[in-house]
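>>> pasting the sequence and the predicted coordinates here, then a few questions.
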There are 2 protein chains.
Amino acid sequence: MRIELVNTGDELLLGDTINTNAAWLGQQVAALGLMVSRHLVVSDGAVIKDAISEAASRSDVVLVSGGLGPTNDDLTRESMAELLGLPLELDEGIKAHLEDFFARRNRVMSASNLKQAMVPRGALVLDNPFGTAPGLYFPAELGCARGWNTHFFLLPGPPRELKPMMEAHVEPRLRSLLPDGASRAIRYFKITGLGESDIVERVEKKLEAVPGLTLGYCIRQGDVDVRLSGQPEPVAAGEAIVREHLGEHIVSTDRRLIEQVVVHALAERGQWLATAESCTGGFLTSRITDVSGSSGVFGHGFITYANEAKQKHLGVPAALLAEHGAVSEPVCRAMAEGALAASGADHALALTGVAGPTGGSDDKPVGTVFVGLASRGAETAVRKFFYPGTRDRFKLLASQAALDMLRRRLSGLPMG
Amino acid sequence: MRIELVNTGDELLLGDTINTNAAWLGQQVAALGLMVSRHLVVSDGAVIKDAISEAASRSDVVLVSGGLGPTNDDLTRESMAELLGLPLELDEGIKAHLEDFFARRNRVMSASNLKQAMVPRGALVLDNPFGTAPGLYFPAELGCARGWNTHFFLLPGPPRELKPMMEAHVEPRLRSLLPDGASRAIRYFKITGLGESDIVERVEKKLEAVPGLTLGYCIRQGDVDVRLSGQPEPVAAGEAIVREHLGEHIVSTDRRLIEQVVVHALAERGQWLATAESCTGGFLTSRITDVSGSSGVFGHGFITYANEAKQKHLGVPAALLAEHGAVSEPVCRAMAEGALAASGADHALALTGVAGPTGGSDDKPVGTVFVGLASRGAETAVRKFFYPGTRDRFKLLASQAALDMLRRRLSGLPMG
């Protein structure tokens, strides 16, 4: 099945908005074992008609996003109606939804919004609970007069409207168009602590040998999503392979981020976490406090950039700093244990390293970082990592390593 | 001048990579007073030939990125040579660069890399100091046999290679193709503390009335870049308007972020900053420590999520917390002053608020935040803000407000 994606929006072409929708839709399509074959971005306005027409002539499915708004430049609905020769008719259900939408927000609906209630005859309305523009589905029969055999989906541009509509209305219809779509299974494994090449080496050949299994990766800094899709049987066979060979590196199978996994695990145990950050400068704690409910597991954090701060707030002995330097195993250990004592928490994570771009030495080059984990009733663990590169990447990977040490301790796994 | 953009890469269509290049290139083109008219993404492999051919038939300039690598799927170079009927010839300069690139990294160059040294006859080589794939420029004459009058630029896909090449080699050539390109001026104003609609209201009509001035915005959460471009005279007239009406909201005119502006201003004065964060959970401090050199101005940070932490580390009186609650003007003031005392810094920023999604009340709804700034020898300032919405947005806007209060104090401006 051939799928093309068409986006409309000057803000995309001017670069004022990064097109995250395209990547997200690409992943959704890939999860069905398919691949978007072309992705085209055009301006607002009449040019959308040519773009849709070109895509239709080559494709079984065309996903269009954007241009469903109330302004004069929003012409996707009208262009589709023209292309397929369908009259536009007022849909009373959409009109009522629009009136309700504005009333709830104490806003007055302008006359121009009413054009969002116009539906080309024969198209199916896709509800939009998060905005004013409903989506539209044009089954392939509607285009047969043009010689096309193409299903069209018109979707709103804003991600908070597009994503739920894709999941609720488009994805089930796409599945129903696939011969094996209805029963197709998808599994995600979020993997950390292994690079892409390690993952490939451990499982790729084995997974590719499973007939009917589609394998995909989503590679980010810090973790990799391994995606298995296909009929339930091959997916189950693939899952067994992933669990056997990537076992302790699996952070989650429900797409939760490692900070979510860790906060939830602490909450289940009723335990508290403290942090002591030097080189990551608050980034680790910010990730933890990104998780809703983190105030139930996190109370005290220290950003001890200066040596004096390490001494004063964490009780790191001046002699230790003088003997080993701030970036050292003993200082990291003292920071973690000091944060545990100063906070009364059950676990404390500490980081000290050289984020760069300056401050490195032969002995401790830029990218060196020590991560410590002190826990009540357990031995303090300190590990050394090396993440050269940009400051952003360093902060991300160092905080990821810290979260992974805590995840491992909370799961009873070895420190890695 | 009509410009189209063509990207090749399965990772873009599968959604494994978000296409940030497209937005960045869109902005670069917009800064020249032009707009990308179409942006097309296609698969790796032979399909790039059709994509380039289609774009060429409609455009004066085609920017192609991706497909210059060493693998069998990287066919952009070969496709262009075929389209224009140009023989591929080994370029000794590129070969030497490749050999040197691998030698410096102690890696062995594989034979497949040599295809990156092949140049279609007549194309100009664009140096790539950051990778193995050089860019290529095909002046319009090369395509005249096809009936095209199109300039082609082939660029590598990785952003760290593409961006410097665009700036060093493509942008000057695009300017030279514009009638007024060589003398064209561009000015950026980074604006904070005003919404997009405020900015539009204050300056848009006035700027649009300047003949020959091109106005653009890049809107982010927290700040907006106002971009003026055109010949030097209208740009200077526009700058005077921006300075008059947006004056104290201008963070920088050299694209520096507010955290960079603040760190640099502190460094110039030899002053130190401390932080005390509750609701933002380390995000403010992480932004500050993103700036290289921040260790010269920042030493102590406190993430006092729990009330007990506010008391113990910042000396906030228990009675104050009991009487006013943690999210209050007096507690915020005590946090800022406590952080100043505990750190010995010259300035201390404090934040306390309700990030949500839970924890709000009628009195202090989700989104409420107090920001305090205590400075040696100045009165402590506390301001109240309201940033409802997601947790991410809250953390970003609250930290932005804090940085802006400090920027204003360091610049001798009123607190706003």
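Arrived safely.

>>> please count neighbours and contacts with C-alpha atoms only from this point.
Will do.

>>> now the helices for the stretch 51-200 of chain A?
Listed in chain order, the helices of the stretch 51-200 of chain A (DSSP state H, counting those that start in this stretch) span A:76-84, A:92-104, A:159-165, A:171-177, A:196-199.

>>> can I get the third one in CSV? Just the C-alpha atoms.
This means helix A:159-165. The C-alpha atoms that make up helix A:159-165 are tabulated as CSV, following Å, rounded to 0.1, in the frame of the first residue of the first chain:
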residue,chain,number,x,y,z
PRO,A,159,-0.2,18.3,16.9
ARG,A,160,-2.6,18.3,19.9
GLU,A,161,-5.5,17.9,17.5
LEU,A,162,-3.8,15.8,14.9
LYS,A,163,-2.4,13.1,17.1
PRO,A,164,-5.6,12.0,18.9
MET,A,165,-7.5,12.1,15.5
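
>>> returning to that earlier point: for the helices of the stretch 51-200 of chain A, which one ends up most surrounded?
helix A:76-84 (a mean of 20; mean count of other CA atoms under 10 Å in any protein chain shown).

>>> just checking, what packs against it?
Helices and strands touching helix A:76-84, as assessed by 3 or more CA pairs under 8 Å, 6 or more residues apart in numbering or on different chains; DSSP states H and E, comprise helix A:48-58, strand A:118-120.

>>> what lies in contact with the first one?
Residues outside helix A:48-58 that contact it (CA atoms under 8 Å, 6 or more residues apart in numbering or on different chains): A:2, A:4, A:6, A:8, A:40, A:42, A:62, A:64, A:75-76, A:79-80, A:83, A:148, A:150.

>>> circling back to that earlier point, mean pLDDT added to the helices of the stretch 51-200 of chain A, as TSV?
Output for the helices of the stretch 51-200 of chain A, formatted as TSV (pLDDT from 0 to 100):
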stretch	mean pLDDT
helix A:76-84	96
helix A:92-104	91
helix A:159-165	93
helix A:171-177	92
helix A:196-199	84
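
>>> among those helices, which comes closest to residue B:255?
helix A:159-165 (27.6 Å; CA to CA).

>>> contact residues of the stretch 201-350 of chain A facing chain B?
Residues of the stretch 201-350 of chain A that fall close to chain B, judged by CA under 8 Å from any CA of the partner chain: A:217-219, A:280-286, A:289-290, A:292, A:295, A:298-309, A:313, A:343.

>>> no, scratch that, I was asking about the stretch 1-150 of chain A
A:12-20, A:22-27, A:29-30, A:35-43.

>>> mind checking which of the residues you listed land in strands?
Among the residues of the stretch 1-150 of chain A next to chain B, DSSP state E puts A:36, A:37, A:38, A:39, A:40, A:41, A:42 in strands.

>>> most neighbours among the residues you listed, which one?
In terms of neighbours by other CA atoms under 10 Å in any protein chain shown, those top out with residue A:36 at 28 neighbours.

>>> surely it meets residue A:5?
Yes. Using CA atoms under 8 Å, residue A:36 is in contact with residue A:5, at 6.9 Å.

>>> picking that back up, and among the helices and strands packed on helix A:76-84, the most buried is which?
strand A:118-120 (a mean of 22).

>>> about what we covered before: can you name the two of the contacts of helix A:48-58 that are farthest apart?
A:2 and A:75 (24.7 Å).

>>> more crowded one of the two?
The neighbour count for residue A:2 versus residue A:75, taken as other CA under 10 Å, is higher for residue A:75 (22 against 14).

>>> measure how buried the closest residue to residue A:243 other than its chain neighbours is and give me the count.
Nearest residue to residue A:243, sequence neighbours excluded (CA to CA, 6 or more residues apart in numbering or on different chains): residue A:250, at 7.8 Å. Per other CA under 10 Å, the neighbour tally for residue A:250 reads 21.

>>> ditto for the one 10 residues further on
Applying other CA under 10 Å, we find 21 other residues in the vicinity of residue A:260.

>>> again, but for the one 10 residues further on
For residue A:270, the tally of surrounding residues (other CA under 10 Å) stands at 11.

>>> over to residue A:416?
10.

>>> what's near enough to touch it?
residue A:405.

>>> same deal with residue A:149?
With CA under 8 Å, 6+ apart, residue A:149 has these contacts: A:59, A:60, A:140, A:141, A:143.

>>> now residue A:99
With CA under 8 Å, 6+ apart, residue A:99 has these contacts: residue A:109.

>>> distance of it from residue A:109?
To residue A:109, residue A:99 is 7 Å away according to CA to CA, to the nearest Å.

>>> straight-line length of stretch A:158-176, end to end?
Using CA to CA, the end-to-end distance of stretch A:158-176 comes to 26 Å.

>>> burial check on the closest residue to residue A:232 other than its chain neighbours, number of neighbours?
Nearest non-adjacent residue to residue A:232, counting by CA to CA, 6+ apart: residue A:185, 5.4 Å away. Residue A:185: 18 surrounding residues under other CA under 10 Å.

>>> got the confidence number for residue A:185?
We have a pLDDT of 86 for residue A:185.

>>> what is it paired to in the beta sheet?
Taking DSSP bridges, one obtains residue A:230 as the residues bridged to residue A:185.

>>> show me what contacts it?
Per CA under 8 Å, 6+ apart, neighbours of residue A:185: A:229, A:230, A:231, A:232, A:235.

>>> show me which of the ones in strands among the residues of the stretch 1-150 of chain A next to chain B is closest to residue A:334.
residue A:36 (52.4 Å).

>>> what bridges to the closest one?
What pairs with residue A:36, by the bridge criterion (DSSP bridges), is residue A:3.

>>> measure it to residue A:20 for me?
15 Å.

>>> now residue A:414
37 Å.

>>> so for these two, which sits in the more crowded spot?
More crowded of residue A:414 and residue A:20, by other CA under 10 Å: residue A:20, with 15 against 9.

>>> how about the nearest residue to the more buried one once chain neighbours are set aside, what does it touch?
Leaving aside its sequence neighbours, residue A:20 sits nearest to residue B:18 (CA to CA, 6+ apart; 6.0 Å). Contacts of residue B:18 were listed using CA under 8 Å, 6+ apart, and they are A:19, A:20, A:22, A:23, B:12.
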